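In: 3D model of this:
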Amino acid sequence: MAYSTYSGEYLVTWQKEWGTAYKGIEARTLPGDGGTLGSILEVTGLQVDVAPSQPDVAYTPALNEFLVVWQRWYNSSQTDHEIYGQRIHMEGGAHLVTPPGNFAIHYSTNDEGSPAVASVSRLSGVGEYLVACVYVWDSSAYIAGQLLTDAGALHDWAIISPYGGTIPAVASNESTREFLVAWKYGSNIQARTVSTSGGLGPYAQAMPYGSYPDWPAVAGGPLGDYLVTSHDQIPGYNFDVFGYLWGNRVFLPLVLRN
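Out: Numbering: from 1, shown residues only. Sure thing, here's the model as predicted:
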């Protein structure tokens, strides 16, 4: 889910299944004051064969708009996932932006899945989205990123992780106007910044607490830092949740006065 700062509403997305063959993505608004729920939006409608699943959503105040992303089969052969998106505009009530309707974001003859999305509202008034996903090429998995404008236009695509990256998570930071993408890499959690112009920062790796780090999540702070959490197990203990601070920390000097 994500929150519209202008409309004061949350947008919640989910995967719907009907029987064994039909799947789709739906969404619904919830007022921040706990008021009346909005009508259910059929983002994809129930579909056969392509099986939309694993939705994620981000919001940009530039146009008071959400971007919902999901993975789906490329065709009925069910051998290739691709990532699709749908813009949902909030002015005048939540409604799908058509055209273009559903549009392809990550698509190739290779396999793309497990999407995650975040947005930055740029000073120019043009919002930017980054959609990260697992990109499988020649049986090797990487984390890939695709930048979009708030109008849904694609620009700047890049491989973000080394070979072996899975389970991406992404958040934005309005202070630095950039994104942080985190992912699982073997027995570690790694992360990397991506600018709104497509520039990639250096790899950063968390100090592992245990042997089974998994399921990273990331949120941006107010001054250029991020909190990344992950699931892990220290040998001899149960699974726990650990946190790592990434990015720039701003410290003020301590002044002592008598």
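In: Could you use CA atoms for every contact and neighbour count after this?
Out: Will do.
In: so A171 touches V117, yeah?
Out: Yes: A171 lies in contact with V117 (CA atoms under 8 Å); the separation is 7.5 Å.
In: what residue ranges in the stretch 151-258 of the chain score low on pLDDT?
Out: Along the stretch 151-258 of the chain, segments meeting pLDDT under 70 span 248-258.
In: Where do the strands of it begin and end?
Out: Ranges of strands in the stretch 151-258 of the chain, per DSSP state E, counting those that start in this stretch, are 154-159, 165-173, 178-185, 188-195, 204-205, 214-220, 225-233, 239-247.
In: With mean neighbour count and distance to Y6 added, can I get those strands in CSV?
Out: CSV is the format used below for these (neighbours: other CA atoms under 10 Å; distance: least, CA to CA, whole Å):
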stretch, mean neighbour count, distance to Y6
strand 154-159, 14, 25
strand 165-173, 26, 18
strand 178-185, 27, 22
strand 188-195, 22, 25
strand 204-205, 15, 35
strand 214-220, 21, 20
strand 225-233, 20, 24
strand 239-247, 16, 28
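In: Out of those strands, which gets nearest to W137?
Out: Closest to W137 of the strands of the stretch 151-258 of the chain, according to CA to CA: strand 154-159, at 10.9 Å.
In: Adding distance to M90, write the strands of the stretch 151-258 of the chain out as CSV.
Out: Below are these laid out as CSV (distance: least, CA to CA, whole Å):
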stretch, distance to M90
strand 154-159, 22
strand 165-173, 21
strand 178-185, 24
strand 188-195, 26
strand 204-205, 37
strand 214-220, 23
strand 225-233, 28
strand 239-247, 32
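In: closest to Q71 out of those strands?
Out: strand 165-173 (13.3 Å).
In: My guess is T5 contacts P61. True?
Out: Yes: using CA under 8 Å, T5 is in contact with P61, at 6.8 Å.
In: So which of these two has more stuff around it?
Out: P61 (21 against 13; other CA atoms under 10 Å).
In: Could you tell me which residues make contact with the more buried one?
Out: 4-6, 121, 127 (CA atoms under 8 Å, 6 or more residues apart in numbering).
In: Now do the same for it: its pLDDT.
Out: For P61, the pLDDT comes out at 87.
In: how close does it sit to V170?
Out: 18 Å (CA to CA, to the nearest Å).
In: And for D156?
Out: Using CA to CA, D156 is found at 16 Å from V170.
In: And for V181?
Out: Computed as CA to CA, the V181 to V170 distance reads 4 Å.
In: so what sits against both of the two?
Out: With CA under 8 Å, 6+ apart, V181 and V170 have common neighbours 132, 218.
In: Tell me which of the strands of the stretch 151-258 of the chain lies nearest to S140.
Out: Per CA to CA, nearest to S140 of these: strand 165-173, 9.0 Å.
In: For the closest one, name the packing helices and strands.
Out: Counting contacts by 3 or more CA pairs under 8 Å, 6 or more residues apart in numbering; DSSP states H and E, strand 165-173 packs against strand 111-121, strand 127-137, strand 140-149, strand 178-185, strand 214-220.
In: Among those, which comes closest to V228?
Out: The nearest among these, by CA to CA, is strand 214-220 at 4.4 Å.
In: and G92, which of the three is it?
Out: coil (DSSP: H, G, I helix; E, B strand; the rest coil).
In: Give me the neighbour count for it.
Out: 7.
In: returning to that earlier point: from the contacts of P61, which single one is nearest E17?
Out: S4 (27.1 Å).
In: what bridges to the closest one?
Out: Judged by DSSP bridges, the bridge partners of S4 are E9.
In: Report the separation between it and A58.
Out: Distance from S4 to A58, counting by CA to CA: 9 Å.
In: quick one: which of those two has more around it?
Out: A58 (25 against 20).
In: Parallel or antiparallel, which strands does the helix or strand hosting that one pair with?
Out: Per DSSP states H and E: A58 is located in strand 53-60. According to DSSP bridges, strand 53-60 forms sheet pairs with strand 65-73 (antiparallel).
In: Keeping just the C-alphas, turn the partner strand into PDB.
Out: C-alpha atoms of strand 65-73 as PDB (Å, rounded to 0.1, in the frame of the first residue of the first chain):
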ATOM      1  CA  GLU A  65      -1.000   9.600  -8.700                       C
ATOM      2  CA  PHE A  66      -0.100   6.000  -7.800                       C
ATOM      3  CA  LEU A  67       1.800   3.400  -9.900                       C
ATOM      4  CA  VAL A  68       0.800  -0.200  -9.300                       C
ATOM      5  CA  VAL A  69       3.100  -2.900 -10.700                       C
ATOM      6  CA  TRP A  70       2.900  -6.600 -10.800                       C
ATOM      7  CA  GLN A  71       4.300  -9.700 -12.600                       C
ATOM      8  CA  ARG A  72       2.400 -11.800 -15.100                       C
ATOM      9  CA  TRP A  73       3.100 -14.600 -17.500                       C
END
